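S.K.: Give me coordinates for this.
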Amino acid sequence: MLLASIIIYLIATVAIGYWASRKVKTSGGGRSLPLLLSSSALFATWFGSETVFGASSEFLKGGLYSVIEDPFGAALCLVLFGLFFARKFYTMNLLTLGDFFKVRFGKRTELVASTFLAPPYVGYIAAQLVAMGLILKVVTGIEIWQGVVIAAVVVTCYTYVGGMWAISITDFIQSVIIISGLLVLAVILAQKAGGVSVVLNDVKPGTFRFLPKAEFKEIVIYLAAWSVLGLGSLPSQDVFQRSMSSNSVNTAVRSCYIAAGMYLTVAMIPLFISLCVRQLYPEFLSGDTQLALPAMVLSHAALPVQILFFGSLLSAIMSTTSSAMLAPASIFSENIIKPLLGHRIEDHQFLTITRISVLGFSIIATVIACLFSNIYELVGISSILSLVSLFAPLVFGLYWKRASSGGALLSMVSGIIVWLIAEELDMSWPSLAPALLVSIVMMIVGSLIWKDK
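M.R.: Residues are numbered from 1 along each chain as shown. Below you'll find the model as predicted:
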């Protein structure tokens, strides 16, 4: 019965995406989303496997201090985007984030920036596919790689046919299911444990520690955790794309704030559920803690709760995966393929190229998902790549008139090189710290040396 319900849910999701695809006549999908749909789309940007599986697993290991990166860093990103980026980008009327680098720095910088914008999404998509593979493994007993392939086929189908409008329609429905499913499970477990106060009082010392110790190195590590998603996801196509799909500039700005509040609030529910699991069913914490929540639900929850929980998980992961697939496909087709073809293609042809790109990125991500399984690490690395290469050129390009294409190119390349070197040296410091610092310095130095005419 549970498996049948999941299959029906997946079929219904693809059907909704196909229905919504009939509204899509162009590659961009238009600026048509009202505040409700825009907010739910931004909320669903990251609310997926890393929040339900990854963050709850890390929270059980190290408490609140170990999940600064997500959900707190993710919420910070949405707030910062609303404050400093949404209004400026919306008035520029851009289709992709790569277009900003073309308008601000020229075609050469656009091409280089696009090569840094698209690849990080492969790891992010892979993380979501791993999570769906884990769910199917728990429910059906199939191998994780088989679940990954099934998940990839389903998500690719409704992303392929629908585009941004279809994703936004499903995001709204899925957001409702996410919140409902997690709330129901949290209430049931809290009642079994004797109440919320009992659960919160029965935690290990230091579980709710939020601030670092007054030591320079720990403060740097703490700020680096905030920066991974908080700053690293600012130069990301999915946040940009969902915000720019709003029906007005005010909607784009307000939806960022609403989504940030929703994300931070709803993301606390899986953390609370994990505390309930620790108190009621500690046997599930042995082994892979990423499987603690789904394994507990399958063993101890009633069938309606199982259907609702796994439906909400699939909702979160599928909506996140769909936007992650569309984002690099849009960049690849708009900022790499289109310039190479000399812009001599009609819009319906361009839409076809974008959809083929979706298929290509899906295949690559599926292969990676079959080889690697740590969700939290896959997501973190994806954001770090954007942080050390694109954050400085994006911010300086928007807010510093003297920023030049030479500085932007030097910043991108040097940031990536320093990060790779720091990773190889296996430093005790976060490798993103020196890489980000070098990227910022090279942006300033390069712009002062190589000035644009």
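
S.K.: just checking, what packs against the host helix or strand of V228?
M.R.: According to DSSP states H and E, V228 maps onto helix 216-230. For helix 216-230, the packing partners by 3 or more CB pairs under 8 Å, 6 or more residues apart in numbering; DSSP states H and E come out as helix 74-84, helix 375-399, helix 432-449. Heads up, the C-betas are built off the backbone N, CA and C, glycines and all.

S.K.: tell me what the longest one is packed against?
M.R.: Looking back up the chat, that one is helix 375-399. Contacts defined by 3+ CB pairs under 8 Å, 6+ apart place helix 375-399 against helix 97-105, helix 107-117, helix 120-140, helix 216-230, helix 405-425, helix 432-449.

S.K.: most tightly surrounded among those helices?
M.R.: helix 120-140 (a mean of 25; mean count of other CB atoms under 10 Å).

S.K.: okay, the angle between that helix and helix 375-399?
M.R.: Relative orientation of helix 120-140 versus helix 375-399 (axes from the mean of the first three to the mean of the last three CA atoms, to 10 degrees): 150 degrees.

S.K.: looking at the helices and strands packed on helix 375-399, which is closest to G261?
M.R.: Smallest distance to G261 across the helices and strands packed on helix 375-399 (CB to CB): 15.5 Å, for helix 216-230.

S.K.: ok so, going back, tell me the first helix or strand C-terminal of the helix holding V228.
M.R.: Beyond helix 216-230 on the C-terminal side, the first helix or strand identified by DSSP H and E is helix 237-244.

S.K.: okay, that following helix in PDB with CA atoms only?
M.R.: Taking Å, rounded to 0.1, in the frame of the first residue of the first chain, the C-alpha atoms of helix 237-244 are listed here in PDB:
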ATOM      1  CA  GLN A 237      21.000  30.400 -11.000                       C
ATOM      2  CA  ASP A 238      18.200  28.700  -9.000                       C
ATOM      3  CA  VAL A 239      17.800  31.500  -6.500                       C
ATOM      4  CA  PHE A 240      18.100  34.100  -9.300                       C
ATOM      5  CA  GLN A 241      15.700  32.200 -11.600                       C
ATOM      6  CA  ARG A 242      13.000  31.700  -9.000                       C
ATOM      7  CA  SER A 243      13.100  35.300  -7.800                       C
ATOM      8  CA  MET A 244      13.100  36.700 -11.300                       C
END
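
S.K.: quick check: angle from the following helix or strand past it to helix 74-84?
M.R.: Under the assignment DSSP H and E, the closest C-terminal helix or strand after helix 237-244 is helix 249-280. Between helix 249-280 and helix 74-84, the angle comes out at 170 degrees (the same axes, to 10 degrees).

S.K.: what angle do the helix or strand just after helix 249-280 and helix 120-140 make?
M.R.: From helix 249-280 onward toward the C-terminus, using DSSP H and E, the following helix or strand is helix 292-300. Here the directions of helix 292-300 and helix 120-140 differ by 20 degrees (the same axes, to 10 degrees).

S.K.: Rebuild the helices and strands packed on helix 216-230 as CSV, extending it with mean pLDDT and distance to A295.
M.R.: Output for the helices and strands packed on helix 216-230, formatted as CSV (pLDDT from 0 to 100; distance: least, CB to CB, whole Å):
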stretch, mean pLDDT, distance to A295
helix 74-84, 95, 26
helix 375-399, 86, 16
helix 432-449, 95, 33
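
S.K.: before we move on, what SS does P205 have?
M.R.: Three-state assignment for P205 (DSSP: H, G, I helix; E, B strand; the rest coil): coil.

S.K.: before we move on, what about the one 3 residues further on?
M.R.: Assigned with three-state DSSP, F208 falls in the coil class.

S.K.: one step back: nearest to L64, out of the helices and strands packed on helix 216-230?
M.R.: L64 lies closest to helix 74-84 among the helices and strands packed on helix 216-230, at 13.8 Å (CB to CB).

S.K.: any idea how far that closest one is from the chain center?
M.R.: If you compare the mean C-alpha spot of helix 74-84 with that of the full chain, they lie 14 Å apart, counting by CA atoms, centre = their mean, to the nearest Å.

S.K.: quick one: the helix holding V228 to helix 432-449, angle?
M.R.: Orientation note: helix 216-230 sits at an angle of 70 degrees relative to helix 432-449 (the same axes, to 10 degrees).

S.K.: Now do helix 216-230: distance to the chain's middle.
M.R.: Here helix 216-230 is found 19 Å from its chain centre; the criterion is CA atoms, centre = their mean.

S.K.: if we can go back for a sec, how about CSV for the helices and strands packed on helix 216-230, with distance to L183 added?
M.R.: Conversion of these to CSV gives the following (distance: least, CB to CB, whole Å):
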stretch, distance to L183
helix 74-84, 19
helix 375-399, 23
helix 432-449, 35
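
S.K.: can you tell me which of those comes nearest to S233?
M.R.: helix 74-84 (4.6 Å).

S.K.: Which elements pack onto the closest one?
M.R.: Using 3+ CB pairs under 8 Å, 6+ apart, the elements in contact with helix 74-84 are helix 216-230, helix 237-244, helix 249-280.

S.K.: if you average pLDDT over the first one, what comes out?
M.R.: So the one you mean is helix 216-230. When the per-residue pLDDT values of helix 216-230 are averaged, the result is 92.
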